[in-house]
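S.K.: Predicted structure and sequence below. I'll ask about it afterward.
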Amino acid sequence: MPDLAPALVAWYRDNARDLPWRAPGFGAWGVLVSEFMLQQTPVNRVIPHLDAWLALWPTPAALAKASPADAVRQWANLGYPRRALWLHRAAVEIRDRHEGIVPRQVDQLLALTGIGDYTARAVAVFAYGDHHPVVDTNTRRVLARAIDGQAQPGPPSRRDLAAMDALLPADAATSAVVNAAAMELGALVCTARGPRCTECPLRAMCAWRAAGYPDTGDTRRRQARYEGSDRQARGAVLKQLREASEHAVPIDDVAADWPDALQRDRAIDSLVADGLAEAVRGELRLPR
């Protein structure tokens, strides 16, 4: 396996974006909130929401005091609003189990609501400086191309963590930079479509480039179209509930102009099932 770490570190020092969660002293709570928000949401949409969220709830205990409805309302249009509920529950758990301090150990982070392998390791590495492999979609693409000679990564697996771990230097501080650099390279240069291979610091070591950029197939799951989808219907219902502030809305008036009544009803039912809305005496409201 080629040693990609030195090239990644050198490139990152010259090309890393200036992002809030990379600032010294940003704190584990800020890193955790940012990781929740960055799941399936672009960086440029996250930054203003992150600033507003941390201004309102600068600690887990502050968010834990708020209601789930407050969290869903503040989440606004970030999408996938169950993340707001999960983050609120995680804040309550951090307050109750960890004296209000975001835990450092990966197993303790994994025990919190809404936190999986990636987020747990990201907090441990980027907030606390510990030595772990951190693998997101961008990292997986860099590994697939540079090491395996594949155009796109396969389905996520434990093999990804092992491959990244093998690249990390022993020094924890440098290994954190390598983790961040691989993610950044995948986001900015080694992109899913139109990779800028001539600008890549790994071009001399890349197995995919050496093989002539073969089309090895793409098994990534395609995201369903948003327009006209149940997700869009759910978003319309939640938008109306957020705008109603703390008031309930008669169910018959919720998204009353939605073109597909069955889809509207399905959206309401799914939001109630997910805990994002409550139906009480013929009215719908955000959870309390």
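M.R.: It's in. Just so we're clear, the structure is a prediction, and the values are computed from it rather than from any experiment. Numbering: from 1, shown residues only.
S.K.: residue nearest the centroid of this protein?
M.R.: Gln39 (1.9 Å; CA atoms, centre = their mean).
S.K.: How about it: what's its closest non-neighbour residue?
M.R.: Distance criterion CB to CB, 6 or more residues apart in numbering; nearest residue to Gln39, sequence neighbours excluded, is Arg83 at 6.4 Å. C-beta here means a position set from N, CA and C on the backbone, and glycine is covered the same way.
S.K.: mind checking which helix or strand the one you found is in?
M.R.: Here Arg83, judged by DSSP states H and E, is contained in helix 82-98.
S.K.: I figured Pro20 hits Val31, correct?
M.R.: No - judged on CB atoms under 8 Å, Pro20 makes no contact with Val31 at a distance of 9.8 Å.
S.K.: Neighbour count: these two, which is higher?
M.R.: The neighbour comparison of Pro20 against Val31 (other CB atoms under 10 Å) goes to Val31, with 22 against 15.
S.K.: Now the more buried one. Its backbone dihedrals?
M.R.: The phi/psi pair for Val31 (degrees, to the nearest 10) reads phi -60, psi -40.
S.K.: Now do the same for it: its pLDDT.
M.R.: Val31 is assigned 98 on the pLDDT scale.
S.K.: Surely it and Gly129 touch.
M.R.: No - using CB under 8 Å as the test, Val31 is too far from Gly129 to be in contact (11.3 Å).
S.K.: so where do the helices sit in the stretch 151-288 of the chain?
M.R.: For the stretch 151-288 of the chain, the helices defined by DSSP state H, counting those that start in this stretch occupy 158-167, 172-188, 207-210, 230-243, 261-273.
S.K.: so who does the nearest residue to Gly27 once chain neighbours are set aside touch?
M.R.: Distances taken as CB to CB, 6+ apart place Ala127 nearest to Gly27, at 7.0 Å, with adjacent residues excluded. Going by CB atoms under 8 Å, 6 or more residues apart in numbering, Ala127 touches Phe26, Gly27, Ala28, Val31, Leu32, Val102.
S.K.: Just the residues contacting stretch 2-16, thanks.
M.R.: Outside stretch 2-16, the residues within contact range by CB under 8 Å, 6+ apart are 22, 146-147, 167-169, 174, 177-178, 180-182, 184-185, 188, 201-202, 205.
S.K.: my read: Ala187 touches Thr139, true?
M.R.: No - using CB under 8 Å, Ala187 is not in contact with Thr139; the gap is 9.6 Å.
S.K.: Between those two, which is the more surrounded one?
M.R.: Per other CB under 10 Å, whichever of Ala187 and Thr139 has more neighbours is Thr139, with 28 against 18.
S.K.: Confirm that the more buried one sits in a helix.
M.R.: Yes - Thr139: assigned to a helix according to DSSP: H, G, I helix; E, B strand; the rest coil.
S.K.: Could you check how far it is from Gln152?
M.R.: Thr139 is 13 Å from Gln152, where distance means CB to CB, to the nearest Å.
S.K.: Next one: the residue nearest to Gly27, what pLDDT does it get?
M.R.: Ala127 carries a pLDDT value of 97.
S.K.: How much space separates it from Phe26?
M.R.: According to CB to CB, Ala127 and Phe26 sit 8 Å apart.
S.K.: now Arg83
M.R.: Distance from Arg83 to Phe26, counting by CB to CB: 20 Å.
S.K.: same question, Ala192
M.R.: 28 Å.
S.K.: ditto for Arg193
M.R.: For Arg193, the distance to Phe26 - CB to CB - is 31 Å.
S.K.: And those two? Which one has more around it.
M.R.: When Arg193 and Phe26 are compared for neighbours, Phe26 comes out ahead with 16 against 4, by other CB under 10 Å.
S.K.: Just the pLDDT for the spatially closest residue to the more buried one that is not a sequence neighbour.
M.R.: Using CB to CB, 6+ apart and skipping residues adjacent in sequence, the residue nearest Phe26 is Pro20, 6.5 Å away. We have a pLDDT of 96 for Pro20.
S.K.: circling back to that earlier point, ok, which of the helices of the stretch 151-288 of the chain comes nearest Arg95?
M.R.: Arg95 lies closest, by CB to CB, to one member of those: helix 230-243, at 24.8 Å.
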